[in-house]
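# Compute the structure for the input listed below.
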Amino acid sequence: MNKQKIGVLYLLLGAGGLWHLLGVFQGAMRVLASPMMFGLGIWLFWECWRVCPQPKRWRLILWSVLVIVGSVGVEWLGVRTGKIFGAYTYGQALRPSIDGVPISIGCAWFVMLVASVAVVQKIAPKSVIKSTIKLAVCVAVLMVCFDLFMEPAAGILDYWVWVDNRIPLQNYLAWFGLSFVFATIGIKVGLFFQPPLPRIAFHFYFAQLIYFGLVDLKGL
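Below is the predicted model:
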């Protein structure tokens with residue numbers, strides 16, 4: 001069953017990226033952008049819930065809510081002030097929104113944080129996984145690496161637009177900092193040491209890299 005789920009994940013995101021690259025089904029892809037983010041968030045949460053020990057499930061719920069609500073709140077401040085990530089505005093592709101910030105962006109943060117933790121759990125030595133600081137730093141680095149792929153695609157997809165079409169270094173520093181904070185909280189409440197996250201969480205990272213990588217090719 002796990003192999004089938006992983007196959008479906010790559011098929012969905014690979015096909016979506018390919019459709020953008022070829023310029024087909026663009027109307028449908030635009031409509032499905034936010035539902036896809038919500039769907040991926042619910043799917044990954046459910047997979048985590050299934051492997052999470054019973055005593056820790058409330059911690060998983062609270063951390064997930066914190067990430068979703070907290071990231072939307074930080075994005076709202078970022079859009080309003082231009083002081084966190086830089087000066088940017090959201091486009092029309094992601095709906096619904098609260099005061100100009102898409103609700104689905106919180107699900108995107110949740111998915112990428114969990115996926116980044118899963119990658120570290122899979123490839124990093126035990127000395128990293130057992131250290132709160134080292135694990136959180138590695139997660140934050142992977143989040144920034146993902147954002148390097150996502151940012152060029154976001155403009156093409158009308159997710160958000162940067163003033164002067166320039167992505168500031170400040171954005172990546174803010175991504176690192178916020179990711180580090182969220183990851184540290186998750187580690188401190190005992191979510192990311194043992195047991196390991198579900199296998200499919202690892203593939204959420206690379207399936208989304210494929211999606212945004214294909215969209216990036218369209219902009220070349």
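# Now do stretch 80-94: distance to the chain's middle.
Per C-alpha atoms, centre = their mean, to the nearest Å, the displacement of stretch 80-94 from the mean C-alpha position of its chain is 17 Å.
# Check the average confidence over it, would you?
Per-residue pLDDT values over stretch 80-94 give a mean of 93.
# Give me the contacts around it.
30, 33-34, 37, 74-75, 77-79, 97, 100-102, 104-105, 157-163, 167-168, 170-171, 174-175 (C-beta atoms under 8 Å, 6 or more residues apart in numbering). For every residue, glycine as well, the C-beta is placed using N, CA and C.
# now do stretch 167-179
71, 74, 78, 84-86, 88, 113, 116, 139-141, 143-144, 147-148, 151-152, 162.
# From those, list just the buried residues.
For these, a neighbour count by 16 or more other C-beta atoms under 10 Å gives the buried set as 71, 74, 78, 84-86, 88, 113, 116, 139-140, 143-144, 147, 151-152, 162.
# so of those residues, which ones are in strands?
88, 162 (DSSP state E).
# Cross the buried ones among the contacts of stretch 167-179 against helices and list the overlap.
By the criterion of DSSP state H, membership of these in helices covers 71, 74, 78, 113, 116, 139-140, 143-144, 147, 151-152.
# and the gap between the residue lying farthest from the centre of the chain and residue 183?
Relative to the mean C-alpha coordinate of the chain, counting by C-alpha atoms, centre = their mean, the farthest residue is residue 55 (26.0 Å). From residue 55 over to residue 183 the distance is 21 Å, taken as C-beta to C-beta, to the nearest Å.
# for this structure, what spans make up the strands?
88-90, 97-98, 101-102, 160-162.
# Of all those, which one is nearest residue 43?
Distances from residue 43 to each of these were compared using C-beta to C-beta; the shortest belongs to strand 101-102, at 18.5 Å.
# Which residue comes closest to residue 118 once chain neighbours are left out?
Beyond its immediate neighbours in the sequence, the residue positioned closest to residue 118 (C-beta to C-beta, 6 or more residues apart in numbering) is residue 201, lying 3.6 Å away.
# State the distance from residue 112 to residue 24.
Here the criterion is C-beta to C-beta. By it, residue 112 lies 27 Å from residue 24.
# quick one: which of those two has more around it?
residue 112 (25 against 11; other C-beta atoms under 10 Å).
# Surely that one is in contact with residue 207?
No: proximity of residue 112 to residue 207 does not meet the contact threshold set by C-beta atoms under 8 Å, at 11.5 Å.
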